[in-house]
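Undergrad: Generate a structure from the sequence data that follows.
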Amino acid sequence: MRLLTLGAAVSHMILFPVMAADERDPTGDEVLMLVRKSQAQQYLQGLTGKLRSNETGQSWPMELTMRENVVRFLFRDPNEIINLDLNKSGTKLSRVVAGGRVDMPMSLYGERVRNTDINYEDLSMRFLYWPGAKIVGEDSFSLQKCWHVRVTNPDGRGPYSTVDVWVAKSSGAMMQMEAYDVQGRKVKQFLVRKGQKYQGAYILKQMRVETFDPATRKVIGITYLEINDPK
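TA: Predicted coordinates:
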């Protein structure tokens, strides 16, 4: 099964591909490497969806394409085009403006997209490239056995210090992600709720993104990322 998200990403957080079977359990770094490698091989065209605030009911339409290792997010009302470049060494966000692209500075990665619970760091999915990932346990989500992988921010840039990822053993799909601040307090959670068929595989249909108050540990915002049925 392959699932697509922001990742949250929104990636998001972006594509959640099939992981090749192995006779032994992979290391944390190997799990993330397989996810990255399969992401770069995907091709998407003409997907539409929206970001929807649970509190206000307001929604923001979006379009999503991926080809030649570039994921393109087009948000509407007003229009904004964000490109996510995937390569072997990391990811890079840029905005499309008159005359070409402008790289997005790291200082903006913590800003929210369309005033939702998804920020530009979530779109970038930088954590997939952080070294030293560790498998810290196993859990089950939606009857699927998952590796629990933890990765720590190596350079201190961006809003997250640590990210936990639950990856399905049977498919390599990322089922849930949690992000923590430098004091180890949870600030964000991403949960895949529904999938749907697309080109012989499964992609995201709905993801729930929750923002937490690190002091009280209470949920202070909920946004849904929803992908429409493919045409």
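
Undergrad: Output the lowest mean pLDDT helix or strand found in the chain.
TA: strand 13-16 (a mean of 39; mean pLDDT, DSSP states H and E).

Undergrad: So which residue of this protein lies furthest out from the middle?
TA: Relative to the centre of the chain, and counting by Cα atoms, centre = their mean, the farthest-placed residue is Gly99 at 28.6 Å.

Undergrad: From Glu138, how far out is that one?
TA: Look at Gly99 and Glu138: by Cβ to Cβ, to the nearest Å, they are 50 Å apart. In this view, the C-beta of every residue, glycine as well, is placed from N, C-alpha and C.

Undergrad: how close does the residue lying closest to Leu93 once chain neighbours are set aside get to Phe190?
TA: Closest residue to Leu93 apart from its sequence neighbours, by Cβ to Cβ, 6 or more residues apart in numbering: Met104 at 4.2 Å. Separation of Met104 from Phe190 (Cβ to Cβ): 21 Å.

Undergrad: Between the two, which has more neighbouring residues?
TA: When Met104 and Phe190 are compared for neighbours, Phe190 comes out ahead with 30 against 19, by other Cβ atoms under 10 Å.

Undergrad: ok, and the closest non-adjacent residue to the more buried one?
TA: That would be Met177: by Cβ to Cβ, 6+ apart, it lies 4.3 Å from Phe190.

Undergrad: give me the number of residues near that neighbour?
TA: For Met177, the neighbour count with other Cβ under 10 Å is 28.

Undergrad: And Arg157, by the same measure?
TA: Arg157 is flanked by 13 other residues according to other Cβ under 10 Å.

Undergrad: go on, the one 10 residues further on?
TA: Residues contacting Val167 under the criterion other Cβ under 10 Å number 25.

Undergrad: Bridged to it, which residues?
TA: Trp147, Met174 (DSSP bridges).

Undergrad: so what's it scoring on pLDDT?
TA: If you check Val167, the pLDDT there is 83.

Undergrad: now swap in Ser161 and tell me
TA: pLDDT for Ser161: 97.

Undergrad: quick one: which helix or strand includes Phe190?
TA: Here Phe190 is covered by strand 186-198, with elements defined by DSSP states H and E.

Undergrad: I'd like to know which elements the next helix or strand after that strand is packed against.
TA: Proceeding N to C from strand 186-198, the next assigned helix or strand is strand 201-212, under DSSP H and E. Judged by 3 or more Cβ pairs under 8 Å, 6 or more residues apart in numbering; DSSP states H and E, the packing partners of strand 201-212 are strand 3-6, strand 186-198, strand 219-227.

Undergrad: Pull the distance from stretch 209-227 to the chain's centre.
TA: Chain-centre distance of stretch 209-227: 15 Å, with Cα atoms, centre = their mean, to the nearest Å.

Undergrad: swap in stretch 145-161?
TA: 12 Å.

Undergrad: distance between the ends of that stretch?
TA: One end of stretch 145-161 to the other measures 26 Å (Cα to Cα, to the nearest Å).

Undergrad: Give the pairing partners of the helix or strand hosting Pro61; include direction for each.
TA: Assigned by DSSP H and E, Pro61 belongs to strand 59-67. Sheet pairing of strand 59-67 (DSSP bridges) gives strand 44-53 (antiparallel), strand 70-75 (antiparallel).

Undergrad: most tightly surrounded among those?
TA: strand 70-75 (a mean of 19; mean count of other Cβ atoms under 10 Å).

Undergrad: CA atoms only: put the next helix or strand after that one into PDB for me.
TA: Next along the chain after strand 70-75, taking DSSP H and E as the criterion, comes strand 80-86. Provided in PDB are the C-alpha atoms of strand 80-86 (Å, rounded to 0.1, in the frame of the first residue of the first chain):
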ATOM      1  CA  GLU A  80       0.400  30.100  -4.100                       C
ATOM      2  CA  ILE A  81       2.700  27.500  -5.700                       C
ATOM      3  CA  ILE A  82       5.300  25.700  -3.600                       C
ATOM      4  CA  ASN A  83       7.800  23.300  -5.100                       C
ATOM      5  CA  LEU A  84       9.400  20.500  -3.000                       C
ATOM      6  CA  ASP A  85      12.600  19.200  -4.600                       C
ATOM      7  CA  LEU A  86      13.600  15.700  -3.500                       C
END
